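A.B. asks: Just need the structure, nothing else, for what follows:
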Amino acid sequence: MNIVVLLKIVPDTETRFQINNEGTDVVWDDTIEWVLGPYDEYAIEEAIRIKEAHGGKVISVTIGRGKEEKSIRKAMAMGVDEGVLIENDELVTSDPTSIAKALAETVKSLNPDIILTGRMATDSSDSFVGPAVAELLNFPVVTEISSLEIADGVATAIRDASGRKEKFELKLPAVFTADKGLNEPRYPKLPMIMKAKQKPLDKKGDAGTPIIKNVNQLKVEFPAKKEAGSKITGTVDEMVNQLVDGLANKEKVL
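C.D. replies: Okay, the predicted model is just below:
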């Protein structure tokens, strides 16, 4: 069984970003710590568990700008067998549709039975790429899964929706996006970390498809600073009057 995991290496959530002088992008310098996407770790763990239960191998596919190998090696230390890294600055900064096309083209050559990825990219809050890859490959997809079982070429997936659980049964090959709670990602042990250094990582300059930019990023800016809140003091009646006055006259919600 070929299990493919789509990984996005993202800036650590503690990163303090700077914007370039033109205001068109973030400054991508060496102060940024790159890590595995948190939701992608659940996808990695699930892929490894499927391999352990059913055999086969796990292959990761990543698009990046040359800062990704350390994080990919961590995925390999967890249990990923092989990796494909497409290093292309133009592709990294292109729109999600172009990225999905490049990933689909690469994944197609790997003959996957299952494709897993995180439910969203934490740097862009984008949940588009996983389902788009499924559409391009004409594979069924279930997003934000909290449970997955494989038997006889059929997958049974459960996703948590608002106030209910949804259960899906679909034939493989298929695509799944992993949500928090699907599993508990393992911590790599020292022997696996050492073995990961020797696992094959195929680095490419492109995915073999033309890059067509459909979206151009024009401006990047920090969110406006919020005004400081007001402190209400006095007796209960005075505080109630101040609160009602503020909601009615300042916030205009009453």
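A.B. asks: okay, and the helix or strand of this structure with the least pLDDT?
C.D. replies: Lowest by mean pLDDT, DSSP states H and E among the helices and strands of the chain is helix 89-92, with a mean of 86.
A.B. asks: which parts of that one are buried?
C.D. replies: L91, V92 (16 or more other Cβ atoms under 10 Å). Using the backbone N, CA and C atoms, a C-beta is placed for each residue, glycine as well.
A.B. asks: Which strands and helices lie in contact with that helix?
C.D. replies: In terms of contacts (3 or more Cβ pairs under 8 Å, 6 or more residues apart in numbering; DSSP states H and E), helix 89-92 is packed against strand 57-64, helix 96-108.
A.B. asks: Okay, angle between the longest one and strand 57-64 too, please.
C.D. replies: Translated: helix 96-108. Counting by axes from the mean of the first three to the mean of the last three Cα atoms, to 10 degrees, helix 96-108 lies at 150 degrees to strand 57-64.
A.B. asks: The helix or strand just after helix 96-108: partners in the sheet, and parallel or antiparallel?
C.D. replies: Going down the chain from helix 96-108, the next helix or strand is strand 114-118, by DSSP states H and E. Strands that pair with strand 114-118, judged by DSSP bridges, come out as strand 2-7 (parallel), strand 174-178 (parallel).
A.B. asks: Just after strand 114-118, pick out the following helix or strand.
C.D. replies: With elements assigned by DSSP H and E, the helix or strand that comes after strand 114-118 is helix 129-137.
A.B. asks: Show me the contact partners of the helix or strand that that next one is followed by.
C.D. replies: Moving toward the C-terminus from helix 129-137, the next helix or strand (DSSP H and E) is strand 141-151. The contact list for strand 141-151 (Cβ atoms under 8 Å, 6 or more residues apart in numbering) reads 46, 50, 53-54, 114, 119, 127, 130-131, 134-135, 155-160, 165, 168, 170, 172, 174-179, 181-182.
A.B. asks: Just confirm P131 contacts A174, I think it does.
C.D. replies: No. At 11.6 Å, P131 does not count as touching A174 under the criterion of Cβ atoms under 8 Å.
A.B. asks: neighbour count winner among these two?
C.D. replies: Each of P131 and A174 has its neighbours counted (other Cβ atoms under 10 Å); A174 has more, 23 against 17.
A.B. asks: wait, that one sits on P140?
C.D. replies: Yes. With contact defined as Cβ under 8 Å, A174 reaches P140; the gap is 4.8 Å.
A.B. asks: intersection of neighbour lists for the two?
C.D. replies: The contact lists of A174 and P140 share A134, where a contact means Cβ under 8 Å, 6+ apart.
A.B. asks: domain assignment for this structure?
C.D. replies: 2-204, 224-254 (automatic domain parsing).
A.B. asks: out of those domains, deepest packed?
C.D. replies: Sort the domains of the chain by mean neighbour count, taking mean count of other Cβ atoms under 10 Å, and domain 2-204 sits at the top with a mean of 18.
A.B. asks: could I get the strands paired with strand 114-118 as JSON lines with mean pLDDT?
C.D. replies: Formatted as JSON lines, those follow (pLDDT from 0 to 100):
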{"stretch": "strand 2-7", "mean pLDDT": "97"}
{"stretch": "strand 174-178", "mean pLDDT": "97"}
